[in-house]
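In: Predicted model and sequence follow; I will ask about them next.
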Amino acid sequence: MAELITRKENAVGWVIFSNPAKLNAVTHDMWMALPGKIAALDADPEVRMIVITGDGDKAFISGADISQFEKTRGSAEAQAIYNRSVVDAYEAPARCSKPVVAKIRGICMGGGLGLAAACDVRIAAADAVFRMPAARLGLGYNFTGIKRFVQLLGVANTSDIFFSARKFDAADALVMGFVNRIVPVADLDREVAAYCELVAENAPLTMAAAKFAILQTGLDPDARDLEQAARMIEACFSSEDYREGRRAFMEKRKPNFTGK
């Protein structure tokens, strides 16, 4: 059964793409469900960050479920509906005020590559394999998606992976700047858990303000909301967490942030 699974582990919310029979290929229903799943975790005050991953040890996401294309992308009208669902899914990590991490094991291709690119941080196992096969399928990739890759990889690397449609490994992905870290397969769970613990200990208002400001840098100048960025910074300095951070520093102890 193809589905999105969500769960909470302490301060971490998980979104798991589960379609193991097809290497976690994403159905139209899964694309449509993702924004709501992320929004629900974003609204949960107990959740400090979100991890997106695939079910099992063979794939993060192998791409869209091509077997559905004749039905879901067989006409101009159906294509428009499908494209809107995918765009909304890709935008969901950015709309989320909390850090979103992609935990990548095995195959990460097509729609999986696009979704990973939309996350804030990407941690990959050494066995990860990446590919953007749009040119092999005759698909047109929308401007917003291309722009996201250019901002992440640069023009030359984006041109390479789209023009060649070649597979590339975790080492290549690290050199390109697609992934932040590579870890041995056996250490992936432990390393991601340690990273999540590190992030979850930090001040939520500070992380939200930083994420909002980071996202503004990718927008055209006239689309940036610098007033909101300034308000979020001011909220940090007015917060109880800022006072707690100062006290903890002076008392040489770990701060206990509440997001207030």
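Out: Okay, I see it.
In: buried residues in the helix or strand hosting Ser85?
Out: Assessed by DSSP states H and E, Ser85 sits inside helix 76-95. By neighbour count on 16 or more other CB atoms under 10 Å, the buried set for helix 76-95 is Tyr82, Ser85, Val86, Ala89, Tyr90, Glu91, Ala92, Pro93, Ala94. Every C-beta, even on glycine, is put in place using the N, C-alpha and C of the backbone.
In: Could you pull up the residues touching the fourth one?
Out: Okay, so that is Ala89. Taking CB atoms under 8 Å, 6 or more residues apart in numbering, we find Ala89 in contact with Trp31, Met32, Leu34, Pro35, Leu115.
In: thought the second one was touching Ser85?
Out: Yes. Judged on CB atoms under 8 Å, Met32 makes contact with Ser85 at a distance of 4.9 Å.
In: Could you check how far stretch 102-118 is from the centre of its chain?
Out: Once both centres are worked out by CA atoms, centre = their mean, to the nearest Å, stretch 102-118 turns out to sit 8 Å from its chain's centre.
In: what's the model's confidence in it, averaged?
Out: Mean pLDDT, computed over stretch 102-118, is 97.
In: Now do the helices in this protein.
Out: For the chain, the helices defined by DSSP state H occupy 28-43, 69-72, 76-95, 111-118, 134-137, 143-153, 155-164, 170-176, 188-200, 204-217, 226-237, 240-251.
In: Return the most buried member of the ones you listed.
Out: Most buried of the helices of the chain, by mean neighbour count (mean count of other CB atoms under 10 Å): helix 111-118, with a mean of 24.
In: Lovely, talk soon.
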